[in-house]
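*Asks:* pasting the structure only:
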């Protein structure tokens with residue numbers, strides 16, 4: 001049993017080491033040798049799991065988003081109104097963002113910078129952005145179906161909502177000392193819900 005688990009544990013060890021190296025040096029300055037040294041594994045062990053630095057960067061990116069998606073899906077299944085689900089969803093996402101970015105702020109900003117320059121990273125980021133948009137669109141459609149929300153274009157509204165929160169995160173990343181991300185996100189949700197709520 002332990003032998004079967006060992007490859008996964010080693011892979012996770014490499015991902016955590018790489019995240020620490022990327023946070024210090026950035027994607028371009030970091031080398032595979034840096035990751036080997038940080039992980040405590042041999043170079044052969046590293047290359048057994050990851051063939052290139054790009055593969056490791058992708059794995060780090062996957063880990064950031066997959067954990068968040070699991071939490072989001074739990075909230076979507078909760079027996080709450082759509083408005084409450086949306087509030088809980090945004091609160092959880094922003095709380096996770098504060099925790100993760102405090103540790104890996106440089107990585108997060110570089111994700112955006114690299115995605116703007118390189119198609120493979122941009123495509124990867126788009127996959128995750130589309131997942132968030134589809135989740136928001138699903139919630140908005142549910143809100144219309146149960147008559148919490150007035151009739152609107154669910155997908156266009158979801159894109160606008162996603163852009164709003166991504167913008168807040170970027171602003172907070174640049175000036176975390178003066179911006180309270182959680183409070184700003186709650187304000188954004190209040191404004192959004194007031195705009196889409198069906199008034200009787």
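*Replies:* It's in. Model, not experiment: these values are computed from the prediction.
*Asks:* quick one, helices of this protein?
*Replies:* 2-25, 32-39, 43-49, 53-76, 82-117, 119-145, 154-174, 181-196 (DSSP state H).
*Asks:* buried stuff in the lowest-mean-pLDDT helix or strand in the chain?
*Replies:* Least confident helix or strand, the chain: helix 82-117 with a mean of 76, by mean pLDDT, DSSP states H and E. Within helix 82-117, the residues scored as buried using 16 or more other CB atoms under 10 Å are 82-83, 85-90, 93-94, 97, 100-101, 104, 106-111, 114-115. (Each C-beta comes from the backbone N, C-alpha and C, glycine too.)
*Asks:* do stretch 158-176 as well
*Replies:* Across stretch 158-176, burial judged by 16+ other CB under 10 Å covers 158, 159, 161, 162, 164, 165, 168, 169, 172, 173.
*Asks:* what separation is there between the residue nearest the centre of the chain and residue 86?
*Replies:* In the chain, the centroid-proximal residue (CA atoms, centre = their mean) is residue 65; its distance is 4.2 Å. Distance of residue 65 to residue 86, computed by CB to CB, to the nearest Å: 19 Å.
*Asks:* repeat for residue 180
*Replies:* To residue 86, residue 180 is 19 Å away according to CB to CB.
*Asks:* again with residue 12
*Replies:* Residue 12 is 32 Å from residue 86, by CB to CB.
*Asks:* poorly predicted segments of the chain, please.
*Replies:* For the chain, the stretches with pLDDT under 70 are 1-5, 99-106, 200.
*Asks:* can you list the domains in the protein?
*Replies:* Split into domains by automatic domain parsing, the chain comes to 1-51, 58-196.
*Asks:* dump the residue contacts of residue 193.
*Replies:* Residue 193 makes contacts with 83, 86, as judged by CB atoms under 8 Å, 6 or more residues apart in numbering.
*Asks:* should've said residue 180
*Replies:* Applying CB under 8 Å, 6+ apart, we find residue 180 in contact with no residue.
*Asks:* next, give phi and psi for it.
*Replies:* phi -90, psi 100 (degrees, to the nearest 10).
*Asks:* so how far is residue 172 from it?
*Replies:* From residue 180 over to residue 172 the distance is 8 Å, taken as CB to CB.
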